[in-house]
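J.: I would like to see how this sequence folds:
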Amino acid sequence: MRVNFLGAVAIASLLTLGTVACGTNTAVDSGSGVSQEAANPCAAANPCAGKNPCAAANPCAAANPCAGAKAETAATQQPEVYSYKSLAIRGADPVAYFTEGKAVKGVADYEYTWNGATWRFSSAENLAKFTADPEAFAPQYGGYCAKAVSEGNLASIDPEAWSIVDNKLYLNYSAGVQRQWQADVPGNIAKGDQNWPTVLAEAALHESGKSW
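T.: Numbering: from 1, shown residues only. Predicted coordinates for the structure are as follows:
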């Protein structure tokens, strides 16, 4: 039985990460924007008196302490590229991660449709670079959260939670989830590679619904 992503990955916006080791691999460049995590109802204190509130079956009757306010999307075949309101990376310029070392918002004047999603760029030069070789700049796992994919799940991303490893772009759900992913970058990449792309047909998508 697949474990709910919110319990397995400890989504930073819903669960406290506690003490999480951050990767120190110098080959990883990471985005910033760390935010304070919320209290974790699935930590040491068990809200269900001996039962596991994070299990796939809900032992807490109607109230699931591990679920967010927004329900997860049903587990149906998901698109190859994650997009929010049709925009890949929530409208961030994929090329800028490599050329400027930060998340940069693209603009409607420079758009390109590829793999079923609309990609935006901050300049005509970046648009030209992407159209010449999209796979060189597009994020791994179709832009879904890298940590979620490593666990056999699917989740949306925060454009500020990014890493470039071996000249490949990886995105994560939040700064907190990225720290978890960075704790074992090679291992999480290996697991993600193994789960991709079959996870598209096997997992529900957790969407934060946050604009950027």
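
J.: please make it C-alpha for all contacts and neighbour counts, starting now.
T.: OK.

J.: is it true that Gln178 lies in a strand?
T.: No: assignment of Gln178 by DSSP: H, G, I helix; E, B strand; the rest coil gives helix, placing it outside any strand.

J.: and the longest helix along the chain, average pLDDT?
T.: Identified as the longest helix of the chain according to DSSP state H is helix 185-195. Mean per-residue pLDDT for helix 185-195: 99.

J.: low-confidence ranges in the protein?
T.: Under the criterion pLDDT under 70, the flagged ranges of the chain are 1-75.

J.: now do the helices in this protein.
T.: Under DSSP H, the chain gives helices at 5, 94-99, 124-132, 134-137, 146-150, 175-182, 185-195, 199-202.

J.: looking at those helices, which is buried most?
T.: Ranked by mean neighbour count, those are led by helix 146-150 with a mean of 28 (mean count of other C-alpha atoms under 10 Å).

J.: could I get the CA-only coordinates of it as CSV?
T.: The C-alpha coordinates for helix 146-150 follow below in CSV (Å, rounded to 0.1, in the frame of the first residue of the first chain):
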residue,chain,number,x,y,z
ALA,A,146,12.0,15.5,-6.9
LYS,A,147,11.6,14.3,-3.3
ALA,A,148,8.0,13.2,-4.0
VAL,A,149,9.1,11.3,-7.1
SER,A,150,11.9,9.6,-5.1
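
J.: show residues contacting that helix.
T.: 5, 9, 140-141, 154-155, 170-173, 177-178, 180-181, 188-193, 195-196, 199 (C-alpha atoms under 8 Å, 6 or more residues apart in numbering).

J.: please redo it, this time with the cut-off set to 6 Å
T.: Leu154, Leu171, Asn172, Trp181, Asn188, Lys191, Gly192 (C-alpha atoms under 6 Å, 6 or more residues apart in numbering).

J.: nearest to Tyr97 among those residues?
T.: Leu171 (10.8 Å; C-alpha to C-alpha).

J.: quick one: contacts for the closest one?
T.: Per C-alpha under 6 Å, 6+ apart, neighbours of Leu171: Cys145, Ala146, Ala161, Trp162.

J.: now, which of these lie within strands?
T.: Members of the contacts of Leu171 lying in strands (criterion: DSSP state E): Ala161, Trp162.

J.: most neighbours, which of the contacts of Leu171?
T.: Counting neighbours by other C-alpha atoms under 10 Å, Ala146 comes out on top of the contacts of Leu171 with 33 neighbours.

J.: so how far is Trp114 from that one?
T.: 20 Å (C-alpha to C-alpha, to the nearest Å).

J.: re the thing from before, columns distance to Thr118 on top of the helices of the chain, output as a markdown table?
T.: As requested, those are exported to a markdown table (distance: least, C-alpha to C-alpha, whole Å):
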| stretch | distance to Thr118 |
| --- | --- |
| helix 5 | 27 |
| helix 94-99 | 12 |
| helix 124-132 | 12 |
| helix 134-137 | 12 |
| helix 146-150 | 20 |
| helix 175-182 | 24 |
| helix 185-195 | 24 |
| helix 199-202 | 19 |
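
J.: right, and those helices - which one's nearest Lys105?
T.: helix 94-99 (8.9 Å).

J.: now the strands for the chain?
T.: According to DSSP E, the strands that the chain contains are 29-30, 83-84, 87-88, 107-114, 117-121, 154-155, 158-165, 168-172, 205-206.
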